[in-house]
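Visitor: Fold the following.
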Amino acid sequence: MTNKLYIPAICVAILLLQAPRLRAQTTPNLLGDVTVTDSRYNDFTIGQKTISIDSATLEQYHNKTIAELIGQQTTIYIKQTAPGILATTAFRGTSSQQTGFYWQGLPVNSPSLGLTDLSVLPVGLFDKISVYSGGGSSLYGSGSIGGSILLENRPSFSKGTEIVFGQAMGSYGLSQTHFSGGYSNKIIYTRSAYTYRFTENNYDYTYARPNLTEERKLKNANSLQHIFLQDVGYRLTNKDVISFHYWHQQSDREIPNAITARDGTAEQYDRSNRAVLQFQHAYENGFLKAKLAYFDELQVFDDPAIFTDDSTNTRAYISELQYEHGFSNKTRLNAGFTASFYEAFGSNLKGADQYQGALFAAVKHQVYKTLNAKLAIRQEFVQDVNVPITPSLGAEWAIVKHVILKGNVAYNYRVPTLNDRFWSPGGNPDLKPESGWTEEVGILLSPIKTKSNTLTLEFTGYHSEIENWIQWVNVGTFFSPRNIKKVETKGFEASLNYSYTLKKVRLQLGANYGFTESITKEVELASDNSLGQQLIFVPKHTGNAQLHVAYGNASIFYNHTVVGEAYDASDNNENSIIDSYNIASLGLSYTQKYNKLSIGISAQVNNIWDRDYVVIRFRPMPRRNFLIGITIKFLNTNKASI
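Guide: I've put the predicted structure just below:
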């Protein structure tokens, strides 16, 4: 234990050494109404397609999960077995482990599994959700090959008192309760939030066989979550802010069998605790930021039918020091390092620990008035793993008014997970990182505005080749991971956003389309029949459209999602086809304000056309279902502190 503590100790020492000197300074207030965020994700993604989910959409999905939000508002394909059970991403044709997930700027993908389950993450817990498409390993680190998703809770001072209570109830035993309360003035900020979410998932589905079609009810599919978040910020001086962020999550889930098998009895329990301590000092032309984090995750899987009772506990100790400086109005530098230690204990994990560190730097520069560029580079150091250096270069050129040409090229990587390296039996400590080049080019028709209309269009083409693709293969009496593939991904994305305003009426229309071809180009095993075939669980076509109309305090929305065929066998045989599907939702909401109090009510119909569909074969999704909710907000602005 003593050895692993040297990493956090470094950053603690830096903070203690800096504090007296920083407090002694009496320069003017440079932080103003402070919002602590991570500029690497906001200012150094030049050339990449980025999506920042707007506040109106976050409010619309307040009682839903991030899996539903991402699947219905972007072209990212969400693979899920049932609501609240399991949902992972296929971002631009990559695997679930090649999407980076970040909270407060730090990676939260499981160290043992390498992915994040979106089905247990309520949208309403986070202040901001952003999606960054394409390779970002030079900025974010391991795993950001297909893209990255950033979840944020931002301390914001001088807002007064805010209390929110929400209750939602829906079909199939769905119940969600949300409470949050916060207070801030010029000096302090605090916010607590709690969400309880439960669903029985006891919905009907049709089981069709060659000689028999019958109606059944899904069994053993309950899902329960308790989630608590705490954010605290304190302004030490006019230029110094220290903040603490804590995220506790507990999930109890039954795991239903495929409908071709007998009713199951499997259960899974997950518990995670994540804590981040952050210090930020503002200079006249930049800032210094230090972070310390401790993440602790436990997963227990129990299936009496196969005499299995496995548990895995992972811990991460993370420190990061980041410095940013503006040399002029045209040039800005961001640089720093991270140092981490990961360890795992479990029924099948022995001696699973590794040290990990990285040096990174990024420069953005206004080449001339209409051309901005960024150059980023990162070198990761992983115990007993040779990680390549990862550069990226991006540019945005305003070729004419309202028309911006964008491009980004990057080298990316994913380090093998702790399970990949240390699982017993089968772990392979000699695995190489998955790595390769990604490129994208796009054209953005930036907001074209008239008195009543606003239009934005964006078109993006992308390509990547990833070598040393990791896959678990049968090696006799057990499975073991091997670097056995080279995968080429290419595709096209288009998005449209249009709004029209006339007095009290506001109309918004959005649409997204994605074409993805993800092909196995090289294999090492003669028995591998995936050569030249589309990767499993990657549909070639995805799309969605949204219509939102507001009049005064009332609004109505309609969302429609279309997903093309996919395969669940690597040889793409006709028996492995997952049928295409299209589903829609319709919702109404009304908000009434009474001085400092506002009350909002909402009603939604999901899968309004009552479609039978599956995302994974033999794992039926719910038919038409309903959701109603009420949200009560109290806001008392502390005028004296603004």
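
Visitor: and the helix or strand hosting Gly543, which strands flank it?
Guide: According to DSSP states H and E, Gly543 maps onto strand 541-551. Paired neighbours of strand 541-551 in the sheet (DSSP bridges): strand 505-523 (antiparallel), strand 554-563 (antiparallel).

Visitor: Let's have those in a markdown table, adding mean neighbour count.
Guide: Where you see a C-beta, it was placed from the backbone N, CA and C, and this is true even at glycine. What follows is those, written out as a markdown table (neighbours: other CB atoms under 10 Å):
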| stretch | mean neighbour count |
| --- | --- |
| strand 505-523 | 18 |
| strand 554-563 | 18 |
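
Visitor: Just give me the longest strand of the chain.
Guide: As assigned by DSSP state E, the longest strand anywhere in the chain is strand 479-502.

Visitor: Relative to Glu524, how far out is Ala56?
Guide: 49 Å (CB to CB, to the nearest Å).

Visitor: Sorry, slip of the keys, the one I care about is His365.
Guide: From His365 over to Glu524 (counting by CB to CB), the distance is 42 Å.

Visitor: who's more crowded, these two?
Guide: Shown here are His365 and Glu524; by other CB atoms under 10 Å, His365 has more neighbours (18 against 12).

Visitor: residues near the closest residue to the more buried one other than its chain neighbours, how many?
Guide: Excluding the flanking residues, the one nearest His365 by CB to CB, 6 or more residues apart in numbering is Thr331, at 4.8 Å. Other residues near Thr331 number 12, with proximity taken as other CB under 10 Å.

Visitor: contacting residues for Thr331?
Guide: Val363, Lys364, His365, Gln366 (CB atoms under 8 Å, 6 or more residues apart in numbering).

Visitor: Go through those and name the one nearest Asp303.
Guide: Lys364 (50.9 Å; CB to CB).

Visitor: Show me where this structure dips below the pLDDT cut-off.
Guide: Counting by pLDDT under 70, the chain contains low-confidence ranges at 1-39, 638-642.

Visitor: For the residue positioned nearest the centre of the chain, give the beta-bridge partners.
Guide: Computing the C-alpha centroid of the chain and ranking residues by CA atoms, centre = their mean puts Ile149 first, at 3.4 Å. Beta-bridge pairing of Ile149 under DSSP bridges involves Phe101, Val131.

Visitor: That one contacts Ile70, doesn't it?
Guide: Yes: assessed by CB atoms under 8 Å, Ile149 is found in contact with Ile70 at 7.2 Å.

Visitor: where do the contact lists of these two overlap?
Guide: Taking CB under 8 Å, 6+ apart as the criterion, Ile149 and Ile70 both touch Thr89, Val131.

Visitor: Could you report the neighbour count for the closest residue to Ala90 other than its chain neighbours?
Guide: The shortest distance from Ala90 to any non-neighbouring residue, by CB to CB, 6+ apart, is to Tyr77 (4.2 Å). Neighbour count for Tyr77, taken as other CB under 10 Å: 24.

Visitor: quick one: contacts for Tyr77?
Guide: With CB under 8 Å, 6+ apart, Tyr77 has these contacts: Gly71, Thr89, Ala90, Phe91, Thr516, Phe537, Val538, Pro539, Thr542, Val563, Ala566.

Visitor: Closest one of these to Ala603?
Guide: Closest to Ala603, out of all of those and judged by CB to CB, is Gly71, at 21.0 Å.

Visitor: Let me know the helix or strand that that closest one is in.
Guide: Per DSSP H and E, Gly71 falls inside helix 66-73.

Visitor: any residues touching that helix, and which ones?
Guide: Residues from elsewhere that reach helix 66-73, judged by CB under 8 Å, 6+ apart: 51, 53, 57-58, 61, 76-78, 80, 87, 89, 118-119, 121-123, 129, 131, 149, 151, 510, 512, 544, 546, 559, 561, 585.

Visitor: how does it look with 7 Å?
Guide: 53, 57, 61, 76, 78, 80, 87, 118-119, 121, 123, 129, 544, 559, 561 (CB atoms under 7 Å, 6 or more residues apart in numbering).

Visitor: which residues touch the residue lying farthest from the centre of the chain?
Guide: Relative to the centre of the chain, the most outlying C-alpha is that of Asn211, 43.2 Å out, by CA atoms, centre = their mean. By CB under 7 Å, 6+ apart, the contact set of Asn211 is empty.

Visitor: so how far is the helix or strand hosting Gly394 off the chain centroid?
Guide: Gly394 belongs to strand 389-400 when assigned by DSSP H and E. Centroid separation for strand 389-400 versus its chain: 23 Å, with CA atoms, centre = their mean, to the nearest Å.

Visitor: Restrict that strand to CA atoms and write it as PDB.
Guide: Extracted as PDB, the C-alpha positions of strand 389-400 are listed here (Å, rounded to 0.1, in the frame of the first residue of the first chain):
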ATOM      1  CA  ILE A 389       3.100   8.000 -28.800                       C
ATOM      2  CA  THR A 390      -0.200   9.500 -29.900                       C
ATOM      3  CA  PRO A 391      -0.300  12.800 -31.900                       C
ATOM      4  CA  SER A 392      -3.200  14.600 -33.400                       C
ATOM      5  CA  LEU A 393      -3.600  17.500 -35.700                       C
ATOM      6  CA  GLY A 394      -6.900  19.400 -36.300                       C
ATOM      7  CA  ALA A 395      -8.000  22.500 -38.200                       C
ATOM      8  CA  GLU A 396     -11.100  24.600 -38.900                       C
ATOM      9  CA  TRP A 397     -11.200  27.000 -41.800                       C
ATOM     10  CA  ALA A 398     -14.000  29.500 -42.400                       C
ATOM     11  CA  ILE A 399     -13.800  29.400 -46.100                       C
ATOM     12  CA  VAL A 400     -16.800  31.800 -46.600                       C
END
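
Visitor: Just the buried residues of that strand, please?
Guide: Buried residues in strand 389-400, counting neighbours by 16 or more other CB atoms under 10 Å, are found at Thr390, Ser392, Leu393, Gly394, Ala395, Glu396, Trp397.
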